[in-house]
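*Asks:* Structure for the following, please:
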Amino acid sequence: MNFIKNAGFIACDAGYKAAHTVLAGLPYDGTSSFRPGSRFAPDSIRRYSYAIETFSHEQERDITDYKVADLGNLEMPYGDSKAVVKLVEELAAKMLKDKKKALYIGGEHLLTYPIMKQYSKKYKNLKVIYFDAHADFRESFTGSRLSHASAARLTAGEVGDKNLFMFGIRSFEKNEWLYMKKHNIFVDSKAGRFDEVVDKIKGYPVYMSLDMDVFDPSCLPGLGTPEAGGIFYDDFMKLLPGLSKLDIVGMDVLEISPEYDPHGNSSIFAAKVIRELILNTAVK
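*Replies:* Model (predicted):
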């Protein structure tokens, strides 16, 4: 595996061996179905992270008090989704072997699938919290099973239907809707049942996948597939106390397409969300 490193995320400058939390960029958008460009998100988010503080007054924590490393971006063959899946699997396996809490910055939502292939092997009864605007439950899209439109279905195939908890979903293709109803997939379109799920999965290993289009596009226009009716930043911050009760073993933050927001607001928004997630799960 080769990594390309430019500027790192603000204050995430610890060495890999010493770090408890490790950031890794996954710049891939080869199956993006509407507006590509999320391959540019990892570097854009890092660059704009210098517009925010390292300190969160809401959590009363500062990134500089923790050992967080930023590996840079995994070098990928952009036109070969099978090769990308294999590389991301290898990276996830390394993070697990080295006992690092990884935060993967994408890139598109297909990337969650190869991560789950490794994490579900490591952790029995792994629970997955999946934030998204879209169901991502297509059996295939444009003839390919490896698609960001199939990411949740592929994830469920790894961890099991009952271990997937989906929040913010407000867009379904008809067959997705029927399949999800038949298999009783947990879906909460506004995250109103989040605390209920937290109580249910406390004590289990939990992976959190965050597609940034779960937020309303009025908050951040730089999205590949914007969908009206999403949550807002304050709504997400209200979920953090619940997240802090869980054994979060890994996270990803995906699907910002910065080229559609020339002012950089979407990348700043994502950087602040990432800061809060780092601090919410950090260990000194």
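*Asks:* For the rest of this, base every contact and every neighbour count on C-alpha atoms.
*Replies:* Fine.
*Asks:* Pull out the buried residues from stretch 31-40.
*Replies:* Neighbour-count burial for stretch 31-40 flags 31, 32, 36, 37, 38, 39, 40 (criterion: 16 or more other C-alpha atoms under 10 Å).
*Asks:* Just put these in JSON lines and tack on distance to residue 273.
*Replies:* Output for those, formatted as JSON lines (distance: C-alpha to C-alpha, whole Å):
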{"residue": "31", "distance to residue 273": "25"}
{"residue": "32", "distance to residue 273": "22"}
{"residue": "36", "distance to residue 273": "22"}
{"residue": "37", "distance to residue 273": "20"}
{"residue": "38", "distance to residue 273": "17"}
{"residue": "39", "distance to residue 273": "18"}
{"residue": "40", "distance to residue 273": "18"}
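*Asks:* Which ones among the residues you listed map onto helices?
*Replies:* Among those, no member falls in helices (DSSP state H).
*Asks:* And those residues, which is closest to residue 169?
*Replies:* residue 32 (17.9 Å; C-alpha to C-alpha).
*Asks:* Return the distance of stretch 159-168 from the chain's centre.
*Replies:* On the basis of C-alpha atoms, centre = their mean, to the nearest Å, stretch 159-168 sits 14 Å off its chain's mean C-alpha point.
*Asks:* which of the residues in it are buried?
*Replies:* For stretch 159-168, by 16+ other C-alpha under 10 Å, it's 159, 160, 161, 163, 164, 165, 166, 167, 168.
*Asks:* Now pLDDT and distance to residue 257 too, for the buried residues of stretch 31-40, in CSV please.
*Replies:* Shown next, in CSV, are the buried residues of stretch 31-40 (pLDDT from 0 to 100; distance: C-alpha to C-alpha, whole Å):
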residue, pLDDT, distance to residue 257
31, 77, 13
32, 83, 10
36, 89, 7
37, 93, 5
38, 95, 4
39, 96, 8
40, 97, 7
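*Asks:* residue contacts, residue 213?
*Replies:* Shown in contact with residue 213 (C-alpha atoms under 8 Å, 6 or more residues apart in numbering): 132, 133, 223, 225, 226, 227, 230, 255, 256.
*Asks:* tell me the pLDDT at it?
*Replies:* pLDDT, residue 213: 97.
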